[in-house]
Each structure stands twice: as C-alpha cells, then as structure tokens.
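1. the following comprises the amino acid sequence and a computationally predicted model.
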Amino acid sequence: MSLAGLETLLAFIIVLGLAVLVHELGHFLAAKAFGVRVLEFAFGFPPKLFTLFRRNGTEYNVCALPIGGYVRLAGTEPGEDAGPDGFNSKPPWQRILVYFAGPLMNFILAGVLFVGLGMTVGVPTKGKEVLISAVVPGEPAALAGFREGDRVVAIDDERITELDTMLKKVKASPNRPILVTVERDGRQMQIEVVPAAKEGGIGQIGVALSDVTYEKTGVIGAIAHGTEQTWRWTRDTVKGIAQVFTDSEARKSVGGPVAIARLAGMAFRDGAITFLTFLAVISVNLGVLNLLPLLVVDGGQIAFLALEWVRGRRLQPSLQVSIQVVGMVIILLFVALLTVRDITNWVGGKF
C-alpha cells in the first residue's frame, strides 16, 4: 500500500472511530445515569482481543476492528426481562433519552472542535486576498513554479482581491499565457502560466485557492462561532438529506464509506485545521443520520418508544424483531450499493 493509501486508511479510522466512539459514550453515560446495567463498553468492533478491566458490573474490552465502539446494555432485546436495572424495565422517557444521548454527544463533539479551533486558530472570515492553498503536482501551476502559500496580487496587471475574479480570469484563458504576480516571503514575483483546456474548454492551472483568513477571538466569540457552525452544518445536513429525495443530481453526489475515506485522507494531508473541521462535520452528519426515523438507528428506536409512551403499552416483541431485521437488511443493502458506486467512480476517475 502506498503512503497516500496508508494516510487515507489512518484518517478514515480516526474520523469514523472517534465519531462512533463518542456516540456510544453518550449512550453509556445516559444508561449509567438512569441505573441501567451496562454489560460491556468496547473500543472497536468484534472479535474481542482482550479485556482492559471490569468495574461495577461493566466489562471494558478492546476489539480487533479499530473503528468506533459499542455499548451492550442488559435487557435491550424485545421481551427480555433483565430485572429492575434492565433497559426494558425503565420508563419510556428514560429509554428515549438513552437513545438520544448518542446523537447529542456527536453534536457536542462538533461544537467542542469548532470552539477549540476558534480559540486556537481563530474564526474564519472572508478576506481581501487570494491565497494558493495547494498545488497539484504535474499541472500547469506546479510546472510554472507556483507554491503553496503564495498570495496572488495580480493577473495581467489587474489587481486580484477576490477569489471569483481570479477564477474567471483563469477559466477564460485556456491555452493562453497569463502573467500572475504573487507575493512570496515578503517579495513579489511574476510567473507566466498557460491554463490547460479542461472539459468544456475551461482553463485550469491545478491549484486550490482560498480567500479565508483567521481572526483571533476570545472565549465568548469562540463559543458563539462553535454554536453557529454546529447549527449551520446540522441545518445543511438536514437540507442535503431532503434533497436526496427531491433532486436527482443530489442523489448522484451521495457518497458511501469509500468516498468518506478518500475525503478523510485529503483532509488529513491538508493539515490539522482541515482535518479537525472534517471530523466535526462527520460527527454532525452521524448525529443527524442517527436521529432519522429509520428502523435500526436511534431515531427509529425513539419513534418506537414514543409510540409505546402514547399507546401506554409495548409493541409485540415478535413485531419489533421483524421490523428491526427488515430495517437492517435495507440499511446493509443501501451501504453496499453506495460502496459499489464509490468503487466504480474511483476506478472511473470521477472522484
């Protein structure tokens, strides 16, 4: 496996592992708070490698697959009677909160990451300068001598202060030389580059651009920023899910595990700020997805319990099992289809 492949695998394990582990920690803490007997808290997924320790009836294990973790509670099976400290013996509102605590922890993780970035790096604001944040090897910009961190001052003697202005200039110049003035290490220099004609006759030079700068802020400003960003990504995730059902183009953009892994690898290579932001966004995504009223995720279980609360009696255990099996099959088929499409797109160069 190449170095890039190892980085991608490591980044995927870290992102998904932390997001899932924090999610399960939410279930664990809520269950403990309501006196539910927790049989096992595991780091990773089976098979089990070894037991770290046992405390208060809970076995803390390390498993072979280092992606997340899981919590096993007493009395969670439909119709199972595990005594007064079993999950099913608790009132519906407590069981609802145990399920809700998982997604809640995902939102808290995202908020903490956004607040931490705001306090250490600063709050991102749209600036009045365009920076080259990455240079693609082998593309015109790399061959001409551009470097990551160069500040674009002008193109053909026209001053550049907005990202859109530079994009329009480059796109409008396929196969025609343009003279770009950049500032590097406090000195200005001019670099001639010929944008390559890409699909549709659009000029591209092979760089990633940014017009975002970071302004230092205090604790209050960082908390406000973290709250706003968490809400923004929650709202955008909900909108994105809704568009999947109404917009055919949105359905084409839905990615599976392979797509997430590739994005994680790209974020990892781009640096700590991008990687931590990506982790926060994935955590929000996981929180929202688990609140959907689907049969086998937390939202579906919450819907079952809400129905039980309203009716004043439980669903038949056999019916619950049948619904959960059908839901699991649907989810597994959906993930399998996304994975196949991810691999097809990867092989076809569409990523």
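-> Yep, that arrived.

2. where does pLDDT dip in the stretch 1-150 of the chain?
-> When the per-residue scores of the stretch 1-150 of the chain are filtered using pLDDT under 70, the ranges that remain are 1, 78-81, 127.

3. how about the helices in it?
-> With DSSP state H, counting those that start in this stretch as the criterion, the stretch 1-150 of the chain has helices at 3-33, 92-120, 140-144.

4. in the first one, what counts as buried?
-> With burial defined by 16 or more other CB atoms under 10 Å, the residues of helix 3-33 counted as buried are 7-8, 11-32. For every residue, glycine as well, the C-beta is placed using N, CA and C.

5. and it with helix 92-120, angle?
-> 130 degrees (axes from the mean of the first three to the mean of the last three CA atoms, to 10 degrees).

6. what is helix 3-33 packed up against?
-> When contacts are defined as 3 or more CB pairs under 8 Å, 6 or more residues apart in numbering; DSSP states H and E, helix 3-33 sits against strand 38-55, strand 58-73, helix 92-120, helix 257-270, helix 272-291.

7. could you export the shortest one as CSV, CA atoms only?
-> Taking Å, rounded to 0.1, in the frame of the first residue of the first chain, the C-alpha atoms of helix 257-270 are listed here in CSV:
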residue,chain,number,x,y,z
PRO,A,257,-17.6,4.6,3.0
VAL,A,258,-15.0,4.7,0.2
ALA,A,259,-15.9,8.3,-0.6
ILE,A,260,-15.7,9.3,3.1
ALA,A,261,-12.3,7.5,3.4
ARG,A,262,-10.9,9.4,0.4
LEU,A,263,-12.2,12.8,1.8
ALA,A,264,-10.7,11.9,5.2
GLY,A,265,-7.4,11.3,3.5
MET,A,266,-7.5,14.5,1.6
ALA,A,267,-8.4,16.4,4.8
PHE,A,268,-5.5,14.7,6.7
ARG,A,269,-3.0,15.7,4.1
ASP,A,270,-4.3,19.3,4.0
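
8. average pLDDT for that helix?
-> Confidence over helix 257-270 (mean pLDDT, whole number) is 82.

9. adjust the sequence numbering to begin at 48 for everything that follows.
-> Taking 48 as the first residue, the last one we looked at is helix 304-317.

10. what is the neighbour count of the closest residue to V241 other than its chain neighbours?
-> Computed as CB to CB, 6 or more residues apart in numbering, the closest residue to V241 that is not its neighbour in sequence is P224, at 4.9 Å. Applying other CB atoms under 10 Å, we find 11 other residues in the vicinity of P224.

11. quick check: P224 touching A243?
-> No. Between P224 and A243 there is no contact, the gap being 12.0 Å when judged by CB atoms under 8 Å.

12. quick one: contacts for the closest residue in space to G165 that isn't next to it in sequence?
-> Across the structure, with CB to CB, 6+ apart as the measure, the residue nearest G165 apart from its sequence neighbours is A269 (3.4 Å). Counting by CB atoms under 8 Å, 6 or more residues apart in numbering, A269 makes contact with V162, G163, G165, M166, V170.

13. any chance of TSV for these, columns distance to V177?
-> Converted to TSV, the contacts of A269 look like this (distance: CB to CB, whole Å):
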residue	distance to V177
V162	28
G163	27
G165	23
M166	27
V170	19
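
14. would you write a ChimeraX line that selects the buried entries of the residues you listed?
-> Isolation of the buried members of the contacts of A269 (16+ other CB under 10 Å) is achieved in ChimeraX through the command below:
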select :162,165,166,170
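
15. farthest-separated two in the contacts of A269?
-> Considering CB to CB, no two members of those lie farther apart than G163 and V170, which are separated by 12.0 Å.

16. can you list the weak-confidence ranges in the stretch 248-397 of the chain?
-> Using pLDDT under 70 as the threshold, the predicted model of the stretch 248-397 of the chain has low-confidence ranges 295-303, 362-397.

17. where do the helices sit along it?
-> Remark: helices assigned in the stretch 248-397 of the chain by DSSP H, counting those that start in this stretch are 266-293, 295-299, 304-317, 319-338, 345-358, 364-394.

18. buried set for the fifth one?
-> Judged by neighbour count using 16+ other CB under 10 Å, the buried positions of helix 345-358 are D345, G346, G347, Q348, I349, A350, F351, L352, E355.

19. format those residues as JSON lines; extra columns: distance to M313.
-> Written out in JSON lines, the entries for the buried residues of helix 345-358 read as follows (distance: CB to CB, whole Å):
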{"residue": "D345", "distance to M313": "29"}
{"residue": "G346", "distance to M313": "30"}
{"residue": "G347", "distance to M313": "32"}
{"residue": "Q348", "distance to M313": "34"}
{"residue": "I349", "distance to M313": "34"}
{"residue": "A350", "distance to M313": "36"}
{"residue": "F351", "distance to M313": "39"}
{"residue": "L352", "distance to M313": "39"}
{"residue": "E355", "distance to M313": "44"}
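
20. name the nearest of the residues you listed relative to G250.
-> Of all the buried residues of helix 345-358, the one sitting nearest G250 is G346; the distance, using CB to CB, is 46.3 Å.

21. R119: how many residues sit nearby?
-> Per other CB under 10 Å, the neighbour tally for R119 reads 15.

22. excluding sequence neighbours, find me the nearest residue to it.
-> By the measure of CB to CB, 6+ apart, the closest residue to R119 outside its immediate chain neighbours is E87, 4.1 Å from it.
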